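1. Sequence first, then the predicted structure, then my questions.
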Amino acid sequence: MAEVTYRDAIKDALREEMLRDERVFIMGEEVGVWGGSYAVTQGMLKEFGDTRIKDTPISEGIIIGAGIGAAMGGLRPVCELMTINFGLLASDMIINHAAKLHYMFAGQMKVPLVVRAVGGGGRQLAATHSQSLESLFAYVPGLKVVMPATPYDAKGLLKAAIRDDDPVLFIEHSLLYPIKGEVPDGDYTVPIGVSDVKREGSDVTIISYSRMVHVALEAADKLEGEGISAEVLDLRSLRPLDMDPIIRSFMKTNHAVMLEEDWRTYGIGAEVACQVYEQAFGYLDAPIVRCAGVEVPMPYAKNLEAMAIPTVGDVVRAAKELVQ
Amino acid sequence: MNLSKDRLIEMYRQMVLIRKFEDRASGFYREGKIGGFLHLYIGEEAVGVGAIAALEPQDYIVTHYRDHGHAIARGLDPNRLMAELLGRSTGVSQGKGGSMHLADVSKGFWGGYGIVGGHIALATGLALSSQYLEEDRITTCFYGEGSTNIGYFHEALNLAALWKLPILHICENNLYGMGTSVERASAVASMAEKACAYNIPAVRVDGMDVLKMYEATQQAADHVRSGKGPYFVEAMCYRFPGHSMGDPERYRAKEEVERYRLRDPILAFGKRLEADGVLDEGQLEEIDHAMSQMIEDVARFADESPVPTAEALYEHVYASPNGRH
């Protein structure tokens, strides 16, 4: 076991998969000479050459479109979109094409494509560069959407995504790149579509994913000091969504806080809460509380941005009100 | 021209077969047996048949939603094509794709696509896969002139030229994008000029003449296959029926359609074969008759085929299902 950053865990996954399988290659904006907008692919151009590390023009439609076509033709492309916001320019490719081809042609073609993108806010990038658009994509059958919170999950899920025969959207969070966590030596994968208990507890279940998992864990520490035992659940995959561990936890705690950075209305939490109501209504002691992004376009000013993203304080307050 | 007598006859047979297939499909549509949209290739047969005849069996083909003609020219089973139009389990896409989404990957026919221009991006990726894997294979992508006003077209041409991808673009300029004439939709009258903007060699061809299509495609394909990068063929053509079934055709004069019908590519090719002594009048009629018979069988096969089972609804959402969806 070594302490590795989230950034290096992703890079290690890419490198190891490229060494393992010659069909894996990387294509996207600034992945080569620049070394990746978030420095994930630094040094990889030198190691693998420009056939396998392809800098592209700023053309999101063709980056994903050519990625899909290359995947149809037998390759395993990892396309980097810089941020999920730019994914909107490729959303026709992702939603109308990648998600549909296997079904529409009755299994004749597969699209083993990974799309890497950064989501979320917190770096003062304002309205068009700070969005959490995961629910748009998680809504679509045919796609898989994963959002790892830890270096361990990031590496294991990315390897699973690259080996998967379906299109997988792998959404990273820019504030997570420097965080460190234990990653085992050697090859492993984290299965897509399996939620994870990140901390055990008995009074309240906090359900989250991506960076908000860390907010949840910090809140759980604070709550412990106040005599409240919080269980922290990490969805890891948004589609397929694994509700079993959440339902199990909820049956034990009878209280749940849904913590998410995306907008509350039609957000991921709306679906999770609905499924809890459908599957465990009898275990409900109080309505599920949602801590979510404030429903405004993300403002630039530091103080305003901070107000738009859920905080540890919000979660602690919500959990205390719920339990007491 | 390096075409044997047999190949010339085969091309003629394909054109007649496409025409009769489309006529029968139109009949099924009017009977209510085909749903959704139905876009016929009548009038444009020379483009698909001439171009595809010039390709190699290992080559890839990607096309737009007016795809029946290309599929037949590539040798897909007409029975299974018609069954797809009728939404039957014996269809090439097992009834899940319909008229706009015909594919047979075993024949390198990667499908018709319904989003205008979107498939140009996919075709670019298929060509990239061949380049990456160092295969002796080119990808040919068909699309209408209407697609040249979409961003994908420009992104795809730019990337193909930049990376010297083995892709052959065949733009079917039938003068109308649905009901909007090319001069009302494109600031540039020649689609070939648009390709030149990306340093892609381009040629404009009479797409009503199957032999000219064959020749131009062969030259273009040679260029692409030799590793010199993409090539662009603009095929000037005309669709005789409306854009899709039920098109009121307010955007063009009947006289214009009649004028083009006089240049019917099948009649023209038949006359040419007769003049060249390849086929006589009786043999041309025999082919016509044989294709009519074949379409009778095709129609029967499709009509008698079962609809998909209820289980098929959930099949093929994922290639590797893990967890629950």
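-> All right, it came through fine.
2. Contacts for stretch B:245-255 next, please.
-> With CB atoms under 8 Å, 6 or more residues apart in numbering or on different chains as the contact definition, stretch B:245-255 has outside contacts at B:26, B:29-30, B:37-38, B:40, B:176, B:179-181, B:241-242, B:257. Yep, even glycine has a C-beta here, placed from its N, CA and C like the rest.
3. Then stretch A:2-18?
-> Residues external to stretch A:2-18 that are found in contact with it (CB under 8 Å, 6+ apart): A:24-26, A:38-42, A:44, A:47-48, A:52, A:76, A:78, A:116, A:148, A:150-152, A:154-156, A:158-159, A:162-163, A:172, A:176-183, A:185, A:187.
4. Is there a quick ChimeraX command that grabs whichever of those residues are buried?
-> Under the burial definition 16 or more other CB atoms under 10 Å in any protein chain shown, those of these that qualify are selected in ChimeraX by:
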select /A:24,25,26,38,40,41,44,48,52,76,78,116,148,150,151,152,154,155,156,158,159,162,163,172,176,177,179,181,183
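5. Which members of the contacts of stretch B:245-255 occur in helices, if any?
-> Where the contacts of stretch B:245-255 overlap with helices, as defined by DSSP state H, the overlap consists of B:26, B:29-30, B:257.
6. OK, contacts around A:A39?
-> Under the criterion of CB under 8 Å, 6+ apart, the contact list for A:A39 reads A:7, A:177.
7. picking up where we left off before, go through the contacts of stretch B:245-255 and name the one nearest B:L133.
-> Of all the contacts of stretch B:245-255, the one sitting nearest B:L133 is B:F37; the distance, using CB to CB, is 35.3 Å.
8. Let me see the contact set for the closest one.
-> Taking CB under 8 Å, 6+ apart, we find B:F37 in contact with B:65, B:99-100, B:244-245.
9. quick one: it and chain A, what's the gap?
-> Distance of B:F37 to chain A, computed by CB to the nearest CB, to the nearest Å: 15 Å.
10. same deal with B:A83?
-> Taken as CB to the nearest CB, the spacing of B:A83 relative to chain A amounts to 12 Å.
11. Just give the number of residues close to that residue.
-> Using other CB atoms under 10 Å in any protein chain shown, B:A83 has 25 other residues around it.
12. and if you look at the one 10 residues further on?
-> Using other CB under 10 Å, B:S93 has 25 neighbouring residues.
13. What residues does it make contact with?
-> A:104-106, A:108, B:84, B:101-103.
14. just curious, which of these is nearest to A:Q275?
-> Ranking the contacts of B:S93 by separation from A:Q275, with CB to CB as the measure, puts A:M104 on top at 27.9 Å.
15. quick one: the closest one and B:Q94 touch, right?
-> No: counting by CB atoms under 8 Å, no contact exists between A:M104 and B:Q94, whose distance comes to 10.1 Å.
16. For A:L14, what are phi and psi?
-> For A:L14, the backbone dihedrals are phi -60, psi -50 (criterion: degrees, to the nearest 10).
17. in the stretch 151-300 of chain B, which spans are strands?
-> Taking DSSP state E, counting those that start in this stretch, the strands of the stretch 151-300 of chain B run over residues B:167-173, B:176-177, B:180-181, B:202-206, B:231-236.
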